[in-house]
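Participant: Got a predicted model here, sequence first, then my questions.
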Amino acid sequence: MLDTAFHYRGDTLYCEDVPLVDLVKEYQTPLYVYSANYIRNAYQKLKESFGGFPTKICYSLKSNPNIWIGKLLADLGAGADVTSGGELFRALKAGFNPEDIVFAGVGKSSREIVEALRSGVGLFSIESEQELRKISELAQSLNRVANISIRVNPNIDPHTHEKITTGLRSNKFGVPIEEALRVYQLACTLPAIRIVGIGMHIGSQLVNLDPVIQAANTILDMAEELINTGIRLEYIDIGGGFGIKYKDESPEDPEIVAKALERRLRDLKLKLIIEPGRFISGPSGALLTSVLYTKTSGGKKFVIVDAGMNALIRPALYDAYHHIQPLVRRDKTEIVDVVGPICESSDYLAKDRLLPQVFPTETIAILQAGAYGFAMASEYNSHPRPAEILVDGNKVRLIRKRQTYEDLIRLELEAEDL
Ligand SMILES: Cc1ncc(COP(=O)(O)O)c(C=O)c1O
Ligand SMILES: N[C@@H](CCCC[NH3+])C(=O)O
């Protein structure tokens, strides 16, 4: 069974206490729907799992950057992991404490670095020597001090999809482990830089957490070496990556990471930072999309719906599986491809899938779509982006309006006015 915020009551699919058919009547489709209580519970679960020693949970905004989801987590005391000036802007609007914001990312621009310094972010996660030098220069010119940790690339295979693996030497991320000591020594000599930690993030959707534990231990070895050379460290940031169940995976419980690292963290007097995204937001959300037409071709049956790779790109990009359920349960099934309206053959949501039979005007829910769903949506083929709804018990809140055609061309018209 999927761990999801969406369940049938009788024959009707609900999010918490709200029947999804009611939301479709009021807000139309395509529509993203999220459960506030799923998000709260997932956050609390991590808090309990990592409760044995000081841990900052920095929610990874890239998985779902809606400011109201951010606010929900900021109100619970979470920090944030951001990867751009835009995400930093969102995190501050959502109410995250700047000191609890980690600014990560392999390509921070000077403008973004200045914005982060001015807003007082707690930690810059450094990914290259040149970036370190740039941050030092900019911090000095602003008369600020940048707290930094170096993201070390441990060259450990996290055994996930190759497109979301980040901890191998061949990936663009982090400073290679062989060079990390030298870059730390350099950091000690640079003005306006305060070393406070060491970090890693080896990949996303990790269902087996052994590689995380192995990589964290490698980074802890390095931390020990740094401490022995007189460099003071406060934090180890092990990144995000905790996997969720989409189909038939059995993701390991993040608690095993906490248990595995507890003793060494205590011995080294280090605080932990984790940056979970998908684990918190993924199962909280579904994409609701309505059937426009059905047709057969080449022996296949196609169900054509009003959302495609523009609204949810994961199947097109990673061949990702998302479970699909109709809003009203039906017994009769058939094998179909669920495809969107976009002019690309890779525009699909499910392929050769045994699904309950559906007909035009009926709506289906694409589950586990709360992470990297809306976040990666586009206006391709000039389809306005979907609206977003947050359900909390029986309360419903529109947290992002549906884009309009006017929204699609607004910046083009304004450009002409200049
Ligand atoms: C540096 C960093 N931290 C955290 C995350 C969040 O990852 P996930 O959503 O898999 O927890 C990512 C994305 O993979 C990342 O690049
Ligand atoms: N966007 C990816 C994950 C990449 C995580 C960001 N580093 C996904 O949908 O699974």
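Facilitator: Sure thing, it's come through. Ligands and ions are numbered 1, 2, ... in the order given.

Participant: near ligand 1, which residues of the stretch 251-400 of the chain show up?
Facilitator: Residues of the stretch 251-400 of the chain lying near ligand 1 by C-beta under 6 Å from any ligand atom: 275-279, 371. (Each C-beta comes from the backbone N, C-alpha and C, glycine too.)

Participant: mind listing which of these are in helices?
Facilitator: 278-279 (DSSP state H).

Participant: Now neighbour count, distance to Ser84 and pLDDT too, for the residues of the stretch 251-400 of the chain next to ligand 1, in CSV please.
Facilitator: Output for these, formatted as CSV (neighbours: other C-beta atoms under 10 Å; distance: C-beta to C-beta, whole Å; pLDDT from 0 to 100):
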residue, neighbour count, distance to Ser84, pLDDT
Glu275, 28, 15, 98
Pro276, 24, 19, 98
Gly277, 25, 14, 98
Arg278, 26, 18, 98
Phe279, 25, 21, 98
Ala371, 26, 17, 98
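
Participant: from the residues of the stretch 251-400 of the chain next to ligand 1, which is closest to Asn143?
Facilitator: Glu275 (29.2 Å; C-beta to C-beta).

Participant: Quick check: the residue nearest the centre of the chain vs ligand 1, distance?
Facilitator: When C-alpha atoms, centre = their mean is applied to the chain, the residue found nearest the centroid is Ser63 (2.0 Å). Ser63 sits at a distance of 4 Å from ligand 1 (criterion: C-beta to the nearest ligand atom, to the nearest Å).

Participant: Could you double-check that that residue lies in contact with Tyr372?
Facilitator: Yes: Ser63 is within contact range of Tyr372, at 5.9 Å (criterion: C-beta atoms under 8 Å).

Participant: Common neighbours of those two, please.
Facilitator: Here Ser63 and Tyr372 have 277-278, 282 as joint contacts, going by C-beta atoms under 8 Å, 6 or more residues apart in numbering.

Participant: Run a quick neighbour tally on Ser281.
Facilitator: 31 (other C-beta atoms under 10 Å).

Participant: what about it, distance to Ser35?
Facilitator: In this view, Ser281 and Ser35 are 10 Å apart by C-beta to C-beta, to the nearest Å.

Participant: check contacts around the closest residue to ligand 2 within the stretch 201-350 of the chain.
Facilitator: At 3.9 Å from ligand 2, Ser204 is the closest residue in the stretch 201-350 of the chain, using C-beta to the nearest ligand atom. By C-beta under 8 Å, 6+ apart, Ser204 lies in contact with 160, 164, 166, 240-241, 243, 277-278.

Participant: ok, now Asn381?
Facilitator: By C-beta under 8 Å, 6+ apart, the neighbours of Asn381 are 310, 341-343.

Participant: same thing but at 6 Å, please
Facilitator: Going by C-beta atoms under 6 Å, 6 or more residues apart in numbering, Asn381 touches Ile342.

Participant: Can you tell me the strand partners of whichever helix or strand Thr289 is part of and which way each runs?
Facilitator: Using DSSP states H and E, Thr289 falls within strand 285-297. Sheet pairing of strand 285-297 (DSSP bridges) gives strand 31-35 (antiparallel), strand 300-305 (antiparallel), strand 363-366 (antiparallel).

Participant: Can you give me the buried ones in stretch 113-123?
Facilitator: Within stretch 113-123, the residues that count as buried by 16 or more other C-beta atoms under 10 Å are 113-117, 121-123.

Participant: Out of these, which are close to ligand 1?
Facilitator: Counting by C-beta under 6 Å from any ligand atom, no member of the buried residues of stretch 113-123 reaches ligand 1.
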